[in-house]
Every structure is written in structure tokens, then in C-alpha cells.
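Engineer: Compute the structure for the input listed below.
(chains A and B)
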Amino acid sequence: MSGKTLLSLIVVLPFLGSFLAALLPVYARNTAAALSGMLALAGLAILAFFYPAVTGGGMVRVDIAWAPDIGLDLILRLDGLSWIFAFLILGIGALVVLYARYYMSPEDPVPRFFSFLLAFMGAMLGLVLSGNLVQLAFFWELTSLFSFLLIGYWHHNQSARDGARMALIITGTGGVCLLLGFLIIGRVAGSYDIDVIRTQADAIRSSGYYLPALLLVLAGAFTKSAQFPFHFWLPHAMAAPTPVSSYLHSATMVKAGIFVLMLLWPVLAGTEEWYLIVVTTGLATMVFGAWSAIFQQDLKGLLAYSTISHLGIITLLLGLGSPLGAVAAIFHTINHATFKASLFMAAGIIDHETGTRDLRKLSGLYRFMPITATLAMVAAAAMAGVPLMNGFLSKEMFLAEALADHQGTIIDETLPYLATLASAFSVLYSLRFIHQSFFGPPPRDLPHEPHEAPPWMRLPIEILVLACLLAGIAPNLTIAPFLANAAQSVLGARLPHYSLAIWHGFTLPLAMSLIALGCGILGYLLFRDRLNAVKRSPVVGRLQGRRAFERVLAAIMDGGVALQRWLGTKRLQMQLRILLGMVLLLGALPFLRFGYSPGTQQLTPVDPVFALIWIVGGACAVGAAVTAKYHRLAALVLLGGAGIATCISFLWLSAPDLAVTQLLVEIVTTVLLLLGLRWLPMRRPELWSGSRPLRVNLRRATDLGVALAAGVGMALLSYAVMTREAPAGISRFFVEQAYPGGGGTNVVNVILVDFRGFDTLGEITVLAIVGLTVFSLLRRFRPARESVRTPVQQRRQNAYDEAQADRSLGDTLADYLLVPRIIMEWMFPAIIVFGIFLLLRGHDLPGGGFAAGITFSIAIIIQYMASGTRAVETRLSVLPLRWVGFGLLIALATGAGAMLLGRPFLTSWFSYLDLPLIGKTPAASALLFDIGVCGVVVGSTVLTLIALAHQSIRTPRTETEES
Amino acid sequence: MEIILSLAIGIITASGVWLLFRPRTFQLAIGLSLLSYAINLFILAMGRLKMDAPPVVDKVAEANPAAFADPVPQALVLTAIVISFATTALLLVLLLAARGLTGTDHVDGTEKTP
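Structural biologist: Next up is the predicted model:
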């Protein structure tokens, strides 16, 4: 397998697995977990395979042409930085899968959980491996989407739904900003390719578009990485199952923003704007998060705010713009991912085994779960930055950087103090987490009797804690090479010298660390009981991001409603007036600008008969318009008149296919509308008494004006076109190729079933949908009360039958139209034969599947008209749904048949067959397709007509029920 | 002929558009049917008028496109006829269902008293 495919597999496999997991039955917990775990491990194996290629600043790159014309290619690039991120995503992902297997209850639809998790994993991997900014933004939005699904996994929970929605809206909005920022960068750099953009760094930084691009990109990164003031979605996302929190809020989702900042660090960082915005935000987030974490009573809430604080540290480090800061940021990202994932898992175990996450209720759990307690203690120590832990190393680097002078602003001055303060807070809340839950008297009133978690559930935590320790004790043997690769891929030639030693001598950072440690412990000892009584973080507790968010959301919705009320209308007439008015205006614009003139082509001589036809046809159209309100039957007849004139015009203008189809459709439409007339209301008197009010007259005059303008416009437009020479179009090809290429002499039919067969396939699908819609609409049809009674004529007939002694009910109805009925019944075979004739000749002569289908429908509907619904259905079962289904299947199968033979979908085939008795017959696969078309037309037409016809036999029942 | 066909298209369009603005559902259905006639004729007219042209091509001789009526508008119109039939059917059923549900045949589903 080539390296190219292998690298793509990293991204593709999780999505594939997600699809497979979604198909598993709901109880297949083990299968889904095994599938997910294997895929994560497979990804890790591939990643390991590529490791030698990314060492020492190396890079693996795969370009797949996507839309090269607009400079967009799908690029997968794996360098040191994306390698370490991918490693975290897959490694922690594998551990989370194992953990989730034991955490998730068998009552939940667990395969769905794994399906979302895998899809999220794929999106994250796609994000970190993207070599193209647009592609990155795409995966970015995917992570928002799948995190929404994961956070809202327990969707029966109001808080889960709210948290998921909030996360989606905040990160989704950020995603839009990010994309806009990327587009600006892409425009300035002339490419979306990250490697090209990095070479254009100076041009971008000095460009006038730098600031808007920076602000937009930062808006995206800050929302995703929960930076103040966009942090508030993260604590609410804690409504997710704990494996999700442990995955999303340690190694993946929130690190996506950090990743983008690192990726674009060489391009955007180092300016004053960058420094001011990023450092200030990071600083505020760090202090705010750490301070708030102290006052949380919920275990996961504490971890959530601690995550915010640590993300603030990383942002701050990146904001400093110094190479050492970037190294420290990468290092802290890795460390934070390991200890935070394990802490979330430990919190999940506590929740799982005791039934509560409330720190005030928890106490003395050490005696019940010593192993978990020990693991949590080590991880918390790493979080607090205790020596010999990985957290200590990166915190030392952070403190050292905080001391260094950067831009000489007030921020530089205060940075060391604030850094120490945040570290002290960090110690305090870590200590509180551990001491409150594991030490002290045994707990009382817990929902469950606590006990140790199963070994397999602890294994992921053990691995992560071991990693924390190894990286903390022997950094140069473990983490150093990976960090060096990642740092080099970001910094390139600017890679500074740094040391990961545990002992640097008595330095100022060490002193700061010790002060923080001391202050933290002291603070906990002093305030520990008072902290349990706090309901809201002091000072900053009033900063309720959630409330502001909801207010903004409500304002947007209210604004939308108000806007709709102001600008929109629910009245159809008004909508149509606006629509047609706009169309008229737009149609007139080019003529107002360029003038109107008829063409110079010589006119065809006027045939008086044609003129006469259209005098009648036009009169019919106008008559239909006038009578449609009060004389519906008359309007219907007049509509038919206009239809016939149209039909004759088709014939006249050498379009026999159209004439045939139009005539047949005309018949069916008329029958259909006649069937519908029965259910329309009686004539109602004018709404106003006396003469029409002026307002109404005015409105009608306007409508008439618009209608006349539309008519005149269409007439002028058609005249102008018809008097000009036709441009050379595609028609020439169709006419020339109809027989040699399509095997038919009827060009129109060959276009429909062969050249443009795909359009026809779409069209019959629409037809099938209409049929089904009509069917389902009429199944629940309830006629208006006044239309429910049996029609007058039928009532009279029935009354007559009942009055005569020698007649039984229904006799008159049966005698009625006796002669026409018998003729119509005998017509059935004749019409069917005619339909088959139209179908078979369609390819070479006027006719075809549409016309044949309509003909069959007419044959059937005539039977209904002649004998009545009940009488027909005792003898004839049409099963229109099967006609529709088989028709579509035949058409599809014909198209797919071509694919089996290695040709594109719907390629037609034709030759001549020598049939006994009939002789040489053309046989084209297009005929099969036409049969499919015919089937759908028959099915949906008959479905509609029968559904309407059935209403009248359903009604008497409702009448008796209601009377 | 061009003049007659243009006038025909204009008259049918005007009648159809007038009906579109009317308040009763049946008027709307008739109006849309009329409009579809006008549009179909219009599309056909876009291929220019040709009378007494053969309906099918010859199997042996090479087809001369100039001798035939433009097949593309015809194919389009054929599709349009069928689709407009389908939409008319749907509209009819919809208006019947709306009438049954709302008790009125006003296009807005409510009767507005002036």
C-alpha cells in the first residue's frame, strides 16, 4: 500500500467505523467498543509507521486534486506538530473507548455513542492533518457538529440538550469567523495551502488585511478553546457522558483552537496586535478559570474550569510570541491532555460508583477505592504542578517565560505575579478535589455504596498516570524527541535551545513554584470549610456568560419574528403579487436599458385557420379567467378549449409528440378537476353588501394592470425572439445523432429516454412522489361538512327506487347511462391496445412512454366513470403503488444495467432482433426505460384518480356517523 | 403566424396571472393550468416556428437539422406537460384537503371579513 493511501486511511477509517457502528443493533455494546478500539489502534499503528518521516522537521504530504481551477486541493500533511496531536487524538481516543465500554450503561444505545465518537475522532484527525485552510475549516465545523451530538447524547436530559446547543452555537459561530479569516489569509497569500502561506508570513503580517484576518481567526480559536469571554459553553458541556468530557475537553475539541493558533503561529504571531489580544485573553482566561474552579462543588465543574484555566495558560504562552513560549505551549498541551483526561476518568469513576459528583457530599473515599484514589492523586499533582510530574516541567517553562521581558508593557510587569497567583489557585483546587473526595470521615447518604472500579475501567487511567510520571521523571527519555519534532515543525529555524531537566538549580521559577505550592496549601487549610458553603464564585460569579448568551439568542429570535412580521406576509395573494411584480420588473429591466426592437427575420405567412383557432382559444382563456369564481364547470370547459387550441398549435408547428401528450393529459386533467368539483363549496354571496367598495375596485384594477403587463410582456418577448434567427444550439447534435447514436428516428423521444435519460429519471421520480403525496393526503381527507351529503341527483334516484315496489335501491343508478356504459366498457381493450401501440412505436414514431402511460390511465378511469367505483373494483384490481414501484425499478435497472457492462449509468443499447412471426424488430434498452416511465405514469395518475374517486364511496359512511 | 402565436401567449398569460391573484383556490388551479399552456407555447416558440416539418428522421440518409423542428424545446415541453399535470393534481388535492380542514376555499385558509 502506498504511503498516500495509508495516510488517507488515518482520516477515512474512523468515519468508516462510525458508519459501521451506526448500523449495529442497539445492544451491541461490546462489538461497537471493539470496533472503535481496533480502529483507534490501527490509526496509531499507521501513525507509528510515519514517525521516522516526521522527525527532524520532516513532513509527509499527500495532494489530491479537488478543484484545481480555483486553487483548492485536498492536502493531507503530517508534520511533527500534527503527529503529536494525532497521537493524542488516537491514543487518548483508544483509552476513552476502553473506559466508555465500562462507563456506559447497557440501557443506553451504546453503538450510537461509539458511532458519534468515531466520527468526532475522524473530524479531529482530518482537522490536524489538513494542509489546506478551507479543508481545515470544514473539519473544524464537523468537530462542532459531532461534539454537539456527543454532548447531547443523553438527549432526554434538558441540560444535555441546552449544553449541546450552546456548544454548537458558540463554536459554530466561531467556525464561521474562522473560515472568513482563512479566506482573507488565503486571498492575501494567494493560496490556501498552509506551506505556501507560511512562506508568505511577512506579506500577511504587513498587509492591511492582517488585523481583520487575525481577529476572525482568533474569534474562531477562542470560542473553540473556551477562552474568556466565550468560555461558558464548556462547563455546560459537562452534561455529556464523562468519557465525552474526558475526550473532548482534554485532548481534542478544545485543543482544536490551540492547534490552529500553533499552526498559524509562524504566520500571525509576533506582532503587537497578536501580543496584546492573545496574551490579554489568555491571562484573563487563566486567572478567571483558576479562580472559578476553586468554588465549584461539582467534580466535573471543577475540572471544566481548571481546563479553561490551563487553556488560558497555553494561549498566553502562544501570545507571547517568543519561540520558547511556543515550545512551552506545545509541551503543556501534551501534559494537560494526559493529566486532564485521567482526572475526568477518575471523576467519572467516582460518579459511577457513588452516584454523585457533589464535592460536599463526597468524603473519605480512599478506603473504598484506594487504587483510583492514588491514581487521581498523582494526576491532580500533575495538574497542580508538583515536582516529578509532567505538569511541573511545563509549568516551570511557563513561569520562566512569564518572567522574561517581551514587549515591555504593563502586562509584562504583572505577568509573573498573575502567573504565580494562578498557580496557587491551581494547587488549591487540585488539593480540594483530592482531599474533599478521598480523605476525611466515611461518606454518608451516598446514592450507591462506593467500591473500587473494575480493573479494565481503571486501566486507561493507569496508563495515562504512568505517562504523567514517566514524562515528569525522565523527560529526556520519553517526551523530549516528540516535543522536539513538534516544536521544530512550528518554529523551523527559530527553534530555541531549551532543557527539560527536572533540576535547574535554585532559580526564580522554582521559587515561584514553591510559593504557589505553599500559598495553595495554606489557602486550602484556611478556607476549606468556607469553600463548601459557597454557591457562586465570588467577584466573577456575576459574569454569567450563559445568561448573556441566552439573552442574545432570545433577542435574535425576537428580532427575526419582528422582522418577519414587518416585512413578511402570510397572505398568498400578497406574496404572489410581490413575486410577479418582481418578475415583471426584472424582465423589463434589460429592455429599459437596451431598448426593444422586433427582429428582422421574415414572418411566416398567416394561416386564417390558425388565426381562427386562436380567436376561439383566446376567448376560452379569457372566459375561463372570468368564470372561474362562480361557474366552475364552465371555467373547466373553457380551460379545455384553450388546451385544445394549444394542442392544435403543437400539431401545426410540427410537434406531434407534444400534441399527442397534451391531448391525453388534457383529458385526464379534466376528469381530475371534475372529480374535485364535487368537494368545493357552494357559491357564496359577495362579502360586501351593495356595490363594490372602492378599495376592492382599486385592487382589482391593479391586478388587472399587472396581468395585462405580464401578458403584453410575454407577447412582446416571444415576438422579438421568433423574429430573430435561431442561434446554433445543441439541437443539431441531437438531430444528427438520434439514429446513429440513439437508434431511434423520433428525435424527441430519443432525447427523453437516451440523451437526457437522467432528467427523465428525475422527472418520473417527481411524478411518483406526487402520486404518493396525493395518496397520503387523501387517506386522511375530511370533506367539509356541507359537501358530505350524497349529491341531489343520486338522492332523487334512490328515493325513486325506494318508492317503487318492484325496484331495489341502486337500480336506477345501474340503468343510468346504460348504453354509454356498455360502449365504454367495451372500449377498454381497444384503448389498452392503442396504449401499447404508442409505447412500442415511441422510439421511432410519435408516441412514447408518457403518452402510453396516460392512455392506460384513461382506459382505467373510463371504467370507473362508466360503472362506478365499487363495480369496477370487484372486477379489476389495478394496484397503482406497484405500478409506480416497478416502473421506477425498471427504469433504474435499465440504467444500472449499462453500468454492469462497464458503461456510464443509463447508456442505451440497441440492435435489431429477428422475432418469429413479427419479423425484424428494433430492440433498444431505451424501450425498457420507456416501459419504466410508462409504469410510473400509469401508477401515479391512477393513484391520484382512484384516490379522488374513492372519496365518494367513503362519504356516505361519514354521513351516517355524523347524523 | 408569429404575431398570432405571440398574441395567444400574451392573452393566456394575462388570464392566468389575473387568476393567480384571485382569492379562491379553484381560480388558482385554473390560473396555473392556463399559465402552463402559455409557458409551454413560449418554450416551443423559442425553437422558432416550423410548419410541415417531418416528425422523424430518416434512417438511411444523414439527418439535416435545418429540415426539422427544433427537438430540444419539444423535449422540454413534453417534460413540462407531464410535470404540470402532476402539479395540477397535487394542487387540486391540496386545495380539497385545505378546504376540508379549514372549511373555506380561500387561498389563505381563513375568510377575511372586510
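
Engineer: What is the burial count for the residue lying closest to residue A:230 once chain neighbours are set aside?
Structural biologist: Closest residue to residue A:230 apart from its sequence neighbours, by Cβ to Cβ, 6 or more residues apart in numbering or on different chains: residue A:223 at 4.5 Å. For every residue, glycine as well, the C-beta is placed using N, CA and C. By the measure other Cβ atoms under 10 Å in any protein chain shown, the count of residues near residue A:223 is 24.

Engineer: residue contacts, residue A:223?
Structural biologist: A:170-171, A:173-174, A:177, A:230, A:233, A:257 (Cβ atoms under 8 Å, 6 or more residues apart in numbering or on different chains).

Engineer: how far away is the residue nearest the centre of chain A from residue A:116?
Structural biologist: Closest to where the C-alpha atoms of chain A average out (Cα atoms, centre = their mean) is residue A:145, at 8.5 Å. The gap separating residue A:145 from residue A:116 is 10 Å, by Cβ to Cβ, to the nearest Å.

Engineer: go on, residue A:952?
Structural biologist: 52 Å.

Engineer: do the same with residue A:105
Structural biologist: According to Cβ to Cβ, residue A:105 and residue A:116 sit 16 Å apart.

Engineer: circling back: now the phi/psi pair for the residue nearest to the centre of chain A, please.
Structural biologist: phi -70, psi -50 (degrees, to the nearest 10).

Engineer: returning to what we had before: quick one, which of residue A:952 and residue A:116 is more surrounded?
Structural biologist: Counting neighbours by other Cβ under 10 Å for residue A:952 and for residue A:116 shows that residue A:116 has the greater number, 23 against 17.

Engineer: The more buried one against residue A:151, yeah?
Structural biologist: No: using Cβ atoms under 8 Å as the test, residue A:116 is too far from residue A:151 to be in contact (9.8 Å).

Engineer: Let me see the ranges of the helices in the stretch 151-300 of chain A.
Structural biologist: Under the criterion DSSP state H, counting those that start in this stretch, helices of the stretch 151-300 of chain A are mapped to A:158-189, A:194-199, A:201-206, A:210-224, A:233-236, A:242-248, A:253-263, A:265-268, A:272-274, A:280-294, A:299-320.

Engineer: and the ones you listed, which is most packed in?
Structural biologist: Highest mean neighbour count of those: helix A:242-248, a mean of 29 (counted as mean count of other Cβ atoms under 10 Å in any protein chain shown).

Engineer: how about the helices of the stretch 151-300 of chain A, which one is nearest residue A:462?
Structural biologist: helix A:242-248 (14.4 Å; Cβ to Cβ).

Engineer: mind checking how far the closest one is from the chain centre?
Structural biologist: A distance of 24 Å separates the centroid of the chain from that of helix A:242-248, by Cα atoms, centre = their mean, to the nearest Å.

Engineer: so for it, what's the average pLDDT?
Structural biologist: In this model, helix A:242-248 has a mean pLDDT of 90.

Engineer: do stretch A:614-629 as well
Structural biologist: 92.

Engineer: cool, stretch A:866-883 as well?
Structural biologist: pLDDT averaged over stretch A:866-883 gives 82.

Engineer: Could you work out the end-to-end span of it for me?
Structural biologist: Across stretch A:866-883, the terminal residues are separated by 23 Å (Cα to Cα, to the nearest Å).

Engineer: quick one: residue A:74 is in a strand?
Structural biologist: Yes: counting by DSSP: H, G, I helix; E, B strand; the rest coil, one finds residue A:74 located in a strand.
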